[in-house]
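**Student:** My questions are about this predicted structure, shown below with the sequence.
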Amino acid sequence: MKNKKKIEYYMSLPYNYVIQPITDESGSYFYAQVLELEGCQSTGETFEEAYESLREAMEGWIELKLKSGYEVPIPKVLNQFSGKFVVRMPKQLHFKLSIEAEKAGVSLNQYVLYKLAK
């Protein structure tokens with residue numbers, strides 16, 4: 001019963017969900033995942049069904065991690081990020097991107113952000 005309280009604690013945290021409509025060879029449905037919990041995913045015929053199914057999957061995912069002695073990641077929040085990070089790249093790529101940015105009339109930073117957002 002001790003683990004149940006821990007599961008409830010984790011289930012109350014503000015995890016980041018992605019629920020998106022999918023249409024493929026098997027039909028139309030909604031695919032849902034928890035960004036912080038690798039492999040924690042589910043599907044449903046409707047958005048609501050996918051959400052409920054994902055919550056059930058989360059509970060099982062967390063329970064299994066706790067029983068196995070693994071740490072359960074806590075949610076990421078937007079204010080943890082500054083919007084800056086350093087990227088090392090080969091000189092040749094830096095050169096190429098600088099030329100492309102100059103041709104586009106923007107800073108290298110703006111150009112790289114544009115390329116990453118694609």
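**Tutor:** Here it is on my side, so go on. Numbers count the residues shown, from 1 in each chain.
**Student:** So which residues of this structure form helices?
**Tutor:** With DSSP state H, the ranges of helices along the chain come out as 2-11, 47-67, 91-104, 108-117.
**Student:** Of those helices, which stretch is the most buried?
**Tutor:** Among the helices of the chain, the stretch with the highest mean neighbour count (mean count of other C-beta atoms under 10 Å) is helix 47-67, at a mean of 16. Using the backbone N, CA and C atoms, a C-beta is placed for each residue, glycine as well.
**Student:** thinking again about what came up before, of all the helices of the chain, which one comes closest to Thr23?
**Tutor:** Closest to Thr23 of the helices of the chain, according to C-beta to C-beta: helix 47-67, at 14.0 Å.
**Student:** Send me that closest one as PDB with only the CA atoms.
**Tutor:** What follows is helix 47-67, C-alpha atoms only, in PDB (Å, rounded to 0.1, in the frame of the first residue of the first chain):
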ATOM      1  CA  PHE A  47      -9.500  12.700 -27.700                       C
ATOM      2  CA  GLU A  48     -11.100  12.000 -24.300                       C
ATOM      3  CA  GLU A  49     -10.700   8.300 -24.700                       C
ATOM      4  CA  ALA A  50      -7.000   8.700 -25.500                       C
ATOM      5  CA  TYR A  51      -6.600  10.900 -22.500                       C
ATOM      6  CA  GLU A  52      -8.300   8.400 -20.200                       C
ATOM      7  CA  SER A  53      -6.300   5.500 -21.700                       C
ATOM      8  CA  LEU A  54      -3.100   7.500 -21.200                       C
ATOM      9  CA  ARG A  55      -3.900   8.100 -17.600                       C
ATOM     10  CA  GLU A  56      -4.300   4.400 -17.100                       C
ATOM     11  CA  ALA A  57      -1.100   3.700 -18.900                       C
ATOM     12  CA  MET A  58       0.700   6.300 -16.700                       C
ATOM     13  CA  GLU A  59      -0.500   4.600 -13.500                       C
ATOM     14  CA  GLY A  60       0.800   1.200 -14.800                       C
ATOM     15  CA  TRP A  61       4.100   2.700 -16.000                       C
ATOM     16  CA  ILE A  62       4.700   4.500 -12.700                       C
ATOM     17  CA  GLU A  63       3.700   1.400 -10.600                       C
ATOM     18  CA  LEU A  64       6.100  -0.800 -12.600                       C
ATOM     19  CA  LYS A  65       9.000   1.700 -12.200                       C
ATOM     20  CA  LEU A  66       8.400   1.900  -8.500                       C
ATOM     21  CA  LYS A  67       8.200  -1.800  -8.000                       C
END
